[in-house]
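Engineer: Next one to model:
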Amino acid sequence: MSRFLEGARDLSRAFVFFVLLFSLFCITHTKCVVFSATMPVGVFFFFFFKLFRSGGRYFNFFIQMASRGMLGAVCLFGGLTMTGVALAGSRWRRVSTRRAQLNNEYANILAELRSLNDARLKEAEDLRQKKQENALLHETVTTLWADRLARYVQTNKELHSFLKALPEALGALKGLTSHYRYMATEMAKFLAFDVSCIKVHNFALLLEHGENVGIPRVIETIRQLLIAEPLVQVVCDSVVNIPADVSSPRSIGECSSSFVFCMEELDQAIEAAVLRYVDFQSDHGTKAPNAICDGVRKLTSEAKLNTFSKGDIIMQKEQRALRDLLLRDRRQLHTTEDLRSALKYVETVSDELCYENAKDGGLKASVSGDTAVKVAREQLLLWRKSAAVFLVQQQAKEVLGAYQLLLAETLTKTNSG
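Structural biologist: Here you go, the predicted model:
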């Protein structure tokens, strides 16, 4: 019995020691404070319930053992439990603080991970763009290098052909150098020839333009163009010295028609003056002193006779018209020589009509002093002046045209030589 009691005592001590160890283990290795504090109590009650159900013998034995040594163990167990609760409370506070820190760190880590993910995505996007750019760059470089290599090949081929043709090119260059040397030596002559050709061409154009607008309008330009030609200067001076108030006809036909008109006006004025003189002489009964007056008398007598028949009168008119027509045809001017002859004739007629000795009272003085004859004479002199201007211009045209042909032939011979 004593051995049994000692064994039970040892067993109860071992049980108490086990409960204490298990309580410390729960306090130090569990996170829930309430579970750590109540776990030893629950274990104690669990074993107590088992002892109660096992029978009165073991229960009574346990009560006896408790009455002897378990009170101190229970006090020790309660103290340890309170200490465990205090330690568990402080641990719980540390755990809460640590959990909050860990939560903050977790949030920071999540933010950092998010930023890292964003940076990684951005870097991945940049990397993808760079890969695309690198691919395009590689393609571009490949294309450029292929094109450049093709051009290099073509350039090498052309260079090879150039090198093969270099001796021939050097020979051609030698000939070209000789040609340029000759051109540099003879350039002054060539330039002078070109300038002369241009001047002659412009000279011909000015003469052609002068045919349309009149030689006086282009004569000053011709003078400036050929200022080194003495003949051209003399001809230009002769045209420039013409008075500006004198108008000239444009052609020989205009000169001819105006000359015929002036001569007919003069003939009519002279006939009228002669008739007036004859009437005056017949009224005063004087006789004509010479043969001219006899002729005038005959004309007067013929004019006064009315004994002609109608057919004779018609014939006489036709004869007069035929005479006027023949006279008009003879007075027509066709060439420059005809114009010169007409100018000399007008000068002779003007000198004949310029009779100032009016004291003798003869026919010549009467005709010269007639007003209509004077007007016709002035008109004829005006025609002579305009015709002289036209003749000067015409001669200038002929001289300049001949000189232009001479210059052109000279340049042609020079170029042929």
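Engineer: Restricting to C-alpha, output stretch 338-353 in CSV.
Structural biologist: Extracted C-alpha coordinates of stretch 338-353, given in CSV (Å, rounded to 0.1, in the frame of the first residue of the first chain):
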residue,chain,number,x,y,z
ASP,A,338,12.7,111.0,-162.4
LEU,A,339,12.4,112.7,-159.0
ARG,A,340,15.8,114.4,-159.5
SER,A,341,14.7,115.6,-162.9
ALA,A,342,11.4,116.9,-161.5
LEU,A,343,13.3,118.8,-158.8
LYS,A,344,15.5,120.4,-161.5
TYR,A,345,12.5,121.2,-163.6
VAL,A,346,10.6,122.7,-160.7
GLU,A,347,13.7,124.9,-159.9
THR,A,348,13.8,126.0,-163.6
VAL,A,349,10.1,126.8,-163.7
SER,A,350,10.3,128.7,-160.4
ASP,A,351,13.2,130.8,-161.7
GLU,A,352,11.2,131.5,-164.9
LEU,A,353,8.1,132.6,-162.9
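Engineer: buried sites along it?
Structural biologist: 338-339, 342-343, 346, 349, 353 (16 or more other C-beta atoms under 10 Å). (Glycine included, C-beta is placed from N, CA and C.)
Engineer: Quick one: mean pLDDT over it.
Structural biologist: For stretch 338-353, the mean per-residue pLDDT is 81.
Engineer: One more: stretch 277-287?
Structural biologist: Mean pLDDT, computed over stretch 277-287, is 64.
Engineer: same check, this time on stretch 213-233
Structural biologist: Stretch 213-233 shows a mean pLDDT of 83.
Engineer: what distance separates the start and the end of that stretch?
Structural biologist: 21 Å (C-alpha to C-alpha, to the nearest Å).
Engineer: tell me the domain boundaries of the protein?
Structural biologist: Here the domain assignment for the chain is 2-124, 251-416, based on automatic domain parsing.
Engineer: comparing those, which gets the lowest mean pLDDT score?
Structural biologist: domain 2-124 (a mean of 66).
Engineer: one step back: can you tell me which of the buried residues of stretch 338-353 lies closest to T143?
Structural biologist: Nearest to T143 out of those is L339 (C-beta to C-beta; 87.7 Å).
Engineer: From L170, how far off is that closest one?
Structural biologist: Going from L339 to L170 by C-beta to C-beta, to the nearest Å gives 70 Å.
Engineer: S251 now?
Structural biologist: 66 Å.
Engineer: Give the full set of residues in contact with the closest residue to R384 other than its chain neighbours.
Structural biologist: Nearest-residue entry for R384: V346, 4.6 Å, with adjacent residues in sequence omitted and distances by C-beta to C-beta, 6 or more residues apart in numbering. Counting by C-beta atoms under 8 Å, 6 or more residues apart in numbering, V346 touches 259, 380-381, 383-384.
Engineer: Which of the residues you listed sits closest to R91?
Structural biologist: Closest to R91, out of all of these and judged by C-beta to C-beta, is W383, at 152.3 Å.
Engineer: Tell me how many other residues crowd the closest residue to the closest one other than its chain neighbours.
Structural biologist: Spatial nearest neighbour of W383, excluding adjacent residues (C-beta to C-beta, 6+ apart): C262 at 4.8 Å. Neighbour count for C262, taken as other C-beta atoms under 10 Å: 22.
Engineer: Repeat that for L266.
Structural biologist: L266 has 21 neighbouring residues, counting by other C-beta under 10 Å.
Engineer: contacting residues around it?
Structural biologist: Contacts were defined as C-beta under 8 Å, 6+ apart; by that measure L266 touches 349, 373, 376-377, 379-380.
Engineer: from those, which ones fall inside helices?
Structural biologist: 349, 373, 376-377, 379-380 (DSSP state H).
Engineer: Could you work out the most separated pair of these?
Structural biologist: Across the ones in helices among the contacts of L266, no pair lies farther apart than V349 and Q379, at 12.1 Å, counting by C-beta to C-beta.
Engineer: Sounds good, over and out.
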